[in-house]
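K.L.:
Sequence unavailable; structure follows:
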């Protein structure tokens, strides 16, 4: 294991809570935007989380990968759906997305183990 994604998720959650006490208006705005964007609409929340994961891979954001793997699983995504999302992200992001696709696969494996 190169990175501990569940630990990263937990640490970032704590840091974001602290940030919320220091810049509450900004964090409230971000949280409201997140909720409005991920809430089921025409697209189910699972699909939206998979889209967010694909973007996270292409922009090479470790923390985002951690959150969106976690949240995609929570929204009902299967490992196979997540792997297919990684595949599309590699198509769109090239070599750097390939590297972060490997990171996302590692994160998936860590979160799946935690759920068992």
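P.N.:
In hand now; what should we look at? For clarity, every value in this text was computed on a predicted model and none was experimentally measured.
K.L.:
I'd like to know how far residue 87 sits from residue 96.
P.N.:
As judged by C-beta to C-beta, to the nearest Å, residue 87 and residue 96 stand 15 Å apart. (Glycine included, C-beta is placed from N, CA and C.)
K.L.:
try residue 9
P.N.:
22 Å.
K.L.:
Name the helix or strand for the nearest residue in space to residue 53 that is not next to it in sequence, please.
P.N.:
Take residue 53 and drop its neighbours on the chain: the residue closest to it by C-beta to C-beta, 6 or more residues apart in numbering is residue 68, 4.0 Å away. According to DSSP states H and E, residue 68 maps onto helix 62-74.
K.L.:
which secondary structure elements does that helix contact?
P.N.:
Helices and strands touching helix 62-74, by 3 or more C-beta pairs under 8 Å, 6 or more residues apart in numbering; DSSP states H and E, are helix 5-22, helix 45-59, helix 79-115.
K.L.:
Can you say which of the ones you listed is packed in most?
P.N.:
Of the helices and strands packed on helix 62-74, the one with the most neighbours on average (mean count of other C-beta atoms under 10 Å) is helix 45-59, at a mean of 21.
K.L.:
pLDDT weak spots in this protein?
P.N.:
Along the chain, segments meeting pLDDT under 70 span 1.
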